[in-house]
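Colleague: okay, structure incoming, though there's no sequence with it:
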């Protein structure tokens with residue numbers, strides 16, 4: 001389940017509508033922030049704070065500059081959890097925005113990407129989005145997955161993963177603690193056909209990759225390291241997939 005750590009250091013959404021180098025279009029029935037141009041796509045699935053979060057869009061632009069078409073859909077139809085001060089409890093918000101609906105909404109987006117000629121798709125999920133991505137990774141909807149401080153991802157979920165997956169976790173995480181993430185390792189090690197790894201970032205808290213504090217040098221550097229790890233994973237698996245498709 002989600003908890004207070006999911007709401008710490010929330011993004012400032014006051015001017016987020018104009019944030020980023022990309023644009024907002026409709027894709028698969030959802031408003032979607034898009035950035036870059038490529039036949040390789042990366043789907044970023046946000047945490048509870050939504051697709052307008054400035055640091056998430058900044059990351060989308062960074063990934064796009066590495067040679068990808070990046071899409072960040074609004075899975076919440078503008079109904080983000082706004083901490084602090086949201087009149088709803090986080091539990092009520094989650095009940096109104098179940099990850100199962102996120103998975104269902106992601107599939108038309110993936111289909112729309114494929115219709116435009118996209119040859120390989122990777123997906124990265126943050127907190128709430130991590131659960132959506134792991135569900136997509138149980139089939140051939142995507143070719144590579146990255147979970148960043150995921151929420152609600154169980155060992156049984158990991159047992160069903162069928163595509164290359166990297167798990168980037170925080171050391172100080174009450175949502176998916178290192179003790180849980182370490183249980184993923186022996187499960188993944190038995191899946192010889194699935195490339196994988198689990199990495200715990202020392203001194204970091206749940207949510208740090210998109211909600212790092214600018215004044216905290218360690219958080220900023222750790223976030224940048226996680227971003228590089230994510231892009232390296234996609235470079236390895238999506239570009240390999242593209243080369244195989246040409247043979």
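Modeller: Thanks, I have the structure now. In this text the structure is predicted, and so the values were computed from the model without any measurement.
Colleague: point out where this protein drops to low pLDDT.
Modeller: Within the chain, the ranges that satisfy pLDDT under 70 run 14-18, 240-247.
Colleague: so where do the strands sit in it?
Modeller: The residue ranges that make up the strands of the chain, judged by DSSP state E, are 23-27, 30-35, 40-45, 69-73, 120-126, 144-148, 164-172, 196-205.
Colleague: tell me the angle of the second one relative to strand 23-27?
Modeller: Taking axes from the mean of the first three to the mean of the last three CA atoms, to 10 degrees, one finds that strand 30-35 is oriented at 140 degrees with respect to strand 23-27.
Colleague: now do strand 30-35: distance to the chain's middle.
Modeller: Centroid displacement of strand 30-35 relative to its chain, using CA atoms, centre = their mean, to the nearest Å, is 14 Å.
Colleague: between it and strand 69-73, how many degrees?
Modeller: 150 degrees.
Colleague: what about the longest helix in the chain?
Modeller: For the chain, the longest helix by residue count, based on DSSP state H, is helix 217-246.
Colleague: which parts of it are buried?
Modeller: The neighbour-count criterion (16 or more other CB atoms under 10 Å) identifies 219, 222-223, 226-227, 229-231, 233-235, 237-238, 241 as the buried residues of helix 217-246. Heads up, the C-betas are built off the backbone N, CA and C, glycines and all.
Colleague: list the buried residues in stretch 45-62.
Modeller: For stretch 45-62, burial by neighbour count (16+ other CB under 10 Å) applies to 45-57, 59-62.
Colleague: that older thread, got the buried residues of helix 217-246 as a markdown table, with distance to residue 105 columns?
Modeller: As requested, the buried residues of helix 217-246 are arranged in a markdown table below (distance: CB to CB, whole Å):
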| residue | distance to residue 105 |
| --- | --- |
| 219 | 31 |
| 222 | 31 |
| 223 | 27 |
| 226 | 25 |
| 227 | 25 |
| 229 | 27 |
| 230 | 22 |
| 231 | 25 |
| 233 | 24 |
| 234 | 22 |
| 235 | 27 |
| 237 | 24 |
| 238 | 22 |
| 241 | 24 |
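Colleague: pull the most distant pair out of the residues you listed.
Modeller: 219 and 241 (32.6 Å; CB to CB).
Colleague: remind me what the longest helix of the chain packs against, helices and strands.
Modeller: Helices and strands touching helix 217-246, by 3 or more CB pairs under 8 Å, 6 or more residues apart in numbering; DSSP states H and E, are strand 40-45, helix 54-64, strand 120-126, strand 144-148, strand 164-172, strand 196-205, helix 208-211.
Colleague: just want the angle from it to helix 54-64.
Modeller: With the same axes, to 10 degrees applied, the angle from helix 217-246 to helix 54-64 works out at 40 degrees.
Colleague: spatially central, which residue of this protein would that be?
Modeller: Among the residues of the chain, the smallest C-alpha distance to the mean C-alpha position (CA atoms, centre = their mean) belongs to residue 125, namely 1.8 Å.
Colleague: residues contacting that residue?
Modeller: Residues near residue 125 by CB atoms under 8 Å, 6 or more residues apart in numbering: 44, 45, 131, 132, 133, 134, 145, 146, 147, 148, 150.
Colleague: quick one: the third one and residue 154 touch, right?
Modeller: Looking back up the chat, that one is residue 131. No: here residue 131 lies out of contact with residue 154, judged by CB atoms under 8 Å, at a distance of 9.2 Å.
Colleague: so for the two, which residue has more residues nearby?
Modeller: Neighbours per residue (other CB atoms under 10 Å) separate residue 131 from residue 154, with residue 131 holding more: 23 against 14.
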